[in-house]
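Chemist: based on what follows, work out the 3D shape:
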Amino acid sequence: MIVVVGLPVYADGPDGEECAGGLAVEVAAAAERRGGTVELVGKVGNDGAGDAVVVALGRLGIGHAALLRDMARPTPVLTATPRDESADTTAEEAVAEPAEEPGSILLPEDPAARPALEAADVELALRFLPQASVIVLADPSAESTVEAGIQGAAFSAARLIVLVPAGGSSPSVPPEATVLEAPLDDDGSFGRLVGTFAGALDAGLDAASAFSEAVTTSGWEPVTD
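Modeler: Residues are numbered from 1 along each chain as shown. Predicted coordinates for the structure are as follows:
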């Protein structure tokens, strides 16, 4: 089993279909397409958008037994409303934001107004999913939350993949863990790469072979000096 830890968002599909989005969902969907059994550990609001995310995850074949509800904060919504170009955004704020599609913004814009996973949430969820063979920490998290993921991977003897934002500092992780830096501009291929990599590890491939498959099938090209 592959467990992806991250926050899904609500988004309208190009045909008006209600969809789940965000990097965590992209990773989970790619892992499921690779043939893995996938569970998403995340949190949405107790609202209609959260209901739609649950339904969309079911359509994608992504398990959501550990998807929590935030009673105080709304489900984030990815909208095509253009961002105000006159607004100043610091480099630190850009790193802290989840990857977004070109020409879209995530509402509420203030991260503090969105649901957030606490260390206790992650610890409880991973104890509930002890069959995990691969755990992916897909969203930038507090150090305590990363530590909960590390402990969960140790408890399940699972391979650990940690994603960090471009320009962000790498967390302290065990030497056998894989740390990958998300690009600032992504067309979805990074999520496919990570999900395929996780799926290949879950299928029993060694890390080198799994990553080679992920690079080949996700549209990335290896760079050599």
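Chemist: distance check, the closest residue to residue 24 other than its chain neighbours against residue 18.
Modeler: With sequence-adjacent residues excluded and distances taken as CB to CB, 6 or more residues apart in numbering, residue 24 is closest to residue 6, at 2.5 Å. Heads up, the C-betas are built off the backbone N, CA and C, glycines and all. Per CB to CB, to the nearest Å, residue 6 is found 19 Å from residue 18.
Chemist: out of the two, which sits in the more crowded spot?
Modeler: Comparing residue 6 with residue 18 by other CB atoms under 10 Å, the one with more neighbours is residue 6, at 24 against 16.
Chemist: now do that one against residue 162, distance only.
Modeler: Distance, residue 6 to residue 162, by CB to CB: 11 Å.
Chemist: list the contacts of the residue nearest to residue 24.
Modeler: Residue 6 makes contacts with 22-25, 27, 40-42, 136-139, as judged by CB atoms under 8 Å, 6 or more residues apart in numbering.
Chemist: cool, and residue 214?
Modeler: Residue 214 touches 192-194, 196-197, 200, 220, counting by CB under 8 Å, 6+ apart.
Chemist: and what of residue 173?
Modeler: 146, 150, 160, 162, 179.
Chemist: same thing but at 10 Å, please
Modeler: Contacts for residue 173 (CB atoms under 10 Å, 6 or more residues apart in numbering) come out as 137, 146-147, 149-150, 153, 160-162, 179.
Chemist: three-state assignment of it?
Modeler: Following DSSP: H, G, I helix; E, B strand; the rest coil, we place residue 173 in the coil state.
Chemist: wait, a strand at residue 106?
Modeler: Yes - counting by three-state DSSP, residue 106 falls inside a strand.
Chemist: start the count at 38 instead of 1 going forward.
Modeler: Got it, first residue is 38 now, which makes that one residue 143.
Chemist: next, count neighbours for it.
Modeler: Using other CB under 10 Å, residue 143 has 21 neighbouring residues.
Chemist: the one 5 residues further on now?
Modeler: Counted with other CB under 10 Å, the neighbours of residue 148 add up to 15.
Chemist: gap between it and residue 65?
Modeler: Residue 148 sits 21 Å away from residue 65, going by CB to CB.
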